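Student: This is a predicted model, with the sequence first.
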Amino acid sequence: MQRLMNAFCLLAALLAPGLAAAQANSMPTIQLRAGMHLIQAEVAASDADRQRGLMFREKLAAHHGMVFLFDLRAVHCMWMKNTLIPLSVAFLDDNGVILNIEDMKPQSEVSHCAAKPARFALEMNQGWFKQRGIRAGMRIEGVEQLFKPR
């Protein structure tokens, strides 16, 4: 019986990343804009999607990211448990104005928090914002679409 349980645990561990990636592809996407730069972002609007985020992904395509829509404006925090790729997160207010941007290390449980109450968080490959001169005070256009009924 113990050997069967060990085999089951091993199989589950091997399949988990593939299942997580497959589930992530079921999230809706939205096009956002940071100045002249277009972003194709998966939308994490449910508790389950926000908790899973970009976990177990081995790469994130250029100009692709994930936008987290929070039910309430608050000082939200992000972490990188089970996230394999380095990311930068921009915390945004209701209008898409960037409050702050934080770089996050893979597989870390260190919390990175919004500087002020935020409504959204946008995760991109680490350095994406800096490489394009995008900083706090600038606006990410398109987040207003997330308030429309789907």
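Tutor: Sure thing, it's come through.
Student: quick one: secondary structure of residue 48?
Tutor: Using DSSP: H, G, I helix; E, B strand; the rest coil, the three-state assignment for residue 48 comes out as helix.
Student: ok, now how distant is it from residue 128?
Tutor: Taking C-beta to C-beta, to the nearest Å as the criterion, residue 48 is separated from residue 128 by 25 Å. C-beta here means a position set from N, CA and C on the backbone, and glycine is covered the same way.
Student: number of nearby residues for residue 81?
Tutor: Using other C-beta atoms under 10 Å, the number of residues around residue 81 comes to 12.
Student: What is the burial count for the closest residue to it other than its chain neighbours?
Tutor: Using C-beta to C-beta, 6 or more residues apart in numbering and skipping residues adjacent in sequence, the residue nearest residue 81 is residue 109, 5.4 Å away. Applying other C-beta under 10 Å, we find 8 residues neighbouring residue 109.
Student: What pLDDT is listed against residue 109?
Tutor: Among the per-residue scores, residue 109 shows a pLDDT of 95.
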